[in-house]
Structure formats: C-alpha cells, structure tokens
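> After the sequence you'll find the predicted model.
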Amino acid sequence: MSLGFSVDQLLPKARGGGQLQMGLARVDEREWLQPDPDRVARAEGFADYPEGIQLAPEAEAPGLELAAMLGLAGSLSEAAAAHHEDMCLLTRREGEDVYRLVGAAVAWPSDWRPAQKLGLSLTALHAPIHGYAEQLASGVDHFMERLEAGKIFGRCNWFIAPTRARRWVAEAPERAFARVDAENAGETLFVRSERQTLRRLPETGAILFTIGVYVEPLGALSDANVAMLERAVRSLVAGEGDRRGAGAYAAALIGYATRRGLGTGT
C-alpha cells in the first residue's frame, strides 16, 4: 500500500474520529521512506534542536545496524539526518516483555520532548493520549511482539496546528488559536500529518519507528479532506478533543468548511 508523501495523500488513510485504532497497513519497501529528502532542512532542524537526539546505551548496536542497512556510515543520528523522517529505536530489556524507547533522532517533534521520553515503555510514552491504555495498549504490545523482520507497516494521523513550522510545541489553545475565525481559517489553521512506519531490524531485533512530518494550510487541501476534517472535529471522542485543543478552533474550521460548501449541514 502507498500512504503517500503529502497531507492530501495521507489524510484519506487517517482516522477521522471515534475510537482509537492502530490503522496499520502493509507498506512496500519502495514506499518506505520519502525518496527525495531535503537534507539541508534536516541539518537545520537538528542544529536548531540538538536535544532532539537522545541515545541510551542500548541504541548503539541497532543504530549501527540501521545506518549500515541504509548504506551510511554512523548510527541513528546519521540515518535520520540523511532522510526526511525522524527515527526512533525501541528494544526490550533482559527480563522484560515491554518495549522501551532507547534512541531518538527527532528534528521535528509533534508536541513531545525526546529527553522526557527516553527509557519509557510504550504505554508510558502514549500516556497523554486519551484512551490509549484502555483501547490500544494491549493491541500495540501484541503487534510489536509478532512483528517480523522484513515486513513494514505504516499509518498516519493528523493534528490541527496554528503554525506551519515542522517542529511544533503546543501552547494554550485559547492563545494559539485566538485570531482564527471562519473567514481566515484557510490561512491560519494548518493541518499536520505524521506518516509513521514500523519495522524490525533483522540482526538486533530492535524496532525502528519512523515519523515523516507534513504540514499544509487548511485552505490548500482538497474538498474531500476539508470535509473529512469537518466531520472529524465534530465527532472527536470525549477527552481527545481537549488534548487536541479542538474547542479553540472547531467553530472556525466548521465555519470555514461551510463557507466552502462542505459542511455537514450544507
């Protein structure tokens, strides 16, 4: 399956609201990573955010394996710098059944700080996501346990942000979206989509998690995608809407969709 490499291509494969789902699809090796990364932008991203590289001792061997697999000298940091995608490594400690984050090379995080996540289990990593422990944790753990080397799986998500910056740290929604209304939402709301993939490294058995970040203004998206977002904002599950700051931008997004003739009520 091809997930695509743009917001417009990714959104139709993303969850549009309701109960949390992994939403994984098999990805062909040829579709694994973006084929034309902007290495200058990647270098600038890491230079501006050096704390995005966090490495525990357990990341050394899988990092070397990853770089070699990609035809590079170095480790995790060099692999991520040479590609569009941020990259994370997860392994299990001896005597444990859970996977933990042991390495991160993240230039463009979506409202998280790798230094605060290093060493955490999957459940702890996803603690801010409302409903993860109840709806997804056991399924994710089962998938990670059974993931075979050579197979790649992908998924995508979306956020509404007040900036097109690729590195995004959320602020209080009431302040971030204070100037957004139905008339200007096409230019002041930005749709941020992460193209995520998972694969097991064959030698070390570590799991590589890649995150490709794509951002576009709401007004640049297709009618079908704006309509999907309008429906999704209306149906966000309780709690998730709060985490996403939906209360501060929902009316503007819905109003914008209506102005384009795409609202649920039109």
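That came through fine.
> Please enumerate the helices of the chain.
Remark: helices assigned in the chain by DSSP state H are 7-10, 39-48, 60-69, 76-81, 114-117, 122-125, 132-135, 137-146, 173-176, 185-188, 223-235, 240-243, 246-259.
> what does the first one rub up against?
Contacts of helix 7-10 with the rest of the structure, by Cβ atoms under 8 Å, 6 or more residues apart in numbering, involve 3-4, 156, 158, 191-193, 195, 214-216, 221-222, 225. Heads up, the C-betas are built off the backbone N, CA and C, glycines and all.
> before we move on, back to that, most tightly surrounded among the helices of the chain?
helix 76-81 (a mean of 23; mean count of other Cβ atoms under 10 Å).
> any weak-confidence spans in the stretch 1-150 of the chain?
Low-confidence segments of the stretch 1-150 of the chain (pLDDT under 70): 1, 16-23, 126-141.
> circling back: farthest pair within the contacts of helix 7-10?
Of all pairs drawn from these, the greatest distance, 17.3 Å, lies between 195 and 222 (Cβ to Cβ).
> neighbour count winner among these two?
Set residue 195 next to residue 222 and count neighbours by other Cβ atoms under 10 Å: residue 195 wins out with 27 against 13.
> Verify the stated contact: the more buried one with residue 5.
Yes. Counting by Cβ atoms under 8 Å, residue 195 touches residue 5, with 6.9 Å between them.
> Could you tell me which residues touch both of these two?
Joint contacts of residue 195 and residue 5 (Cβ under 8 Å, 6+ apart) are 212, 214.
> What distance do you get for residue 77 to residue 163?
Remark: distance between residue 77 and residue 163 (Cβ to Cβ, to the nearest Å) = 26 Å.
> got it, and residue 12?
Taking Cβ to Cβ, one finds residue 12 at 24 Å from residue 163.
> and what of residue 214?
According to Cβ to Cβ, residue 214 stands 14 Å off from residue 163.
> Same drill for these two, tell me which one is more crowded.
Shown here are residue 214 and residue 163; by other Cβ under 10 Å, residue 214 has more neighbours (23 against 16).
> OK, contacts around the residue nearest the centre of the chain?
Against the mean C-alpha coordinate of the chain, by Cα atoms, centre = their mean, the closest residue is residue 194 at 3.4 Å. The contact partners of residue 194, taken as Cβ under 8 Å, 6+ apart, are 110, 156, 157, 211, 212, 213, 214.
> Could I get the contacting residues of the last one?
For residue 214, the contacting residues are 5, 6, 7, 10, 192, 193, 194, 195, taking Cβ under 8 Å, 6+ apart as the criterion.
> Quick check: of the contacts of helix 7-10, which lies closest to residue 31?
residue 3 (7.0 Å).
> who does the nearest residue to the closest one once chain neighbours are set aside bridge with?
Once flanking residues are discounted, residue 3 sits nearest to residue 154: 5.1 Å by Cβ to Cβ, 6 or more residues apart in numbering. Per DSSP bridges, the residues bridged to residue 154 are residue 25, residue 197.
> right, and residue 154 touches residue 197 too?
Yes. Using Cβ under 8 Å, residue 154 is in contact with residue 197, at 4.4 Å.
> Report the set of residues contacting both of those two.
Joint contacts of residue 154 and residue 197 (Cβ under 8 Å, 6+ apart) are residue 27.
> Residue 154 is in contact with residue 199, correct?
No. Residue 199 is not in contact with residue 154 according to Cβ under 8 Å; the separation is 9.4 Å.
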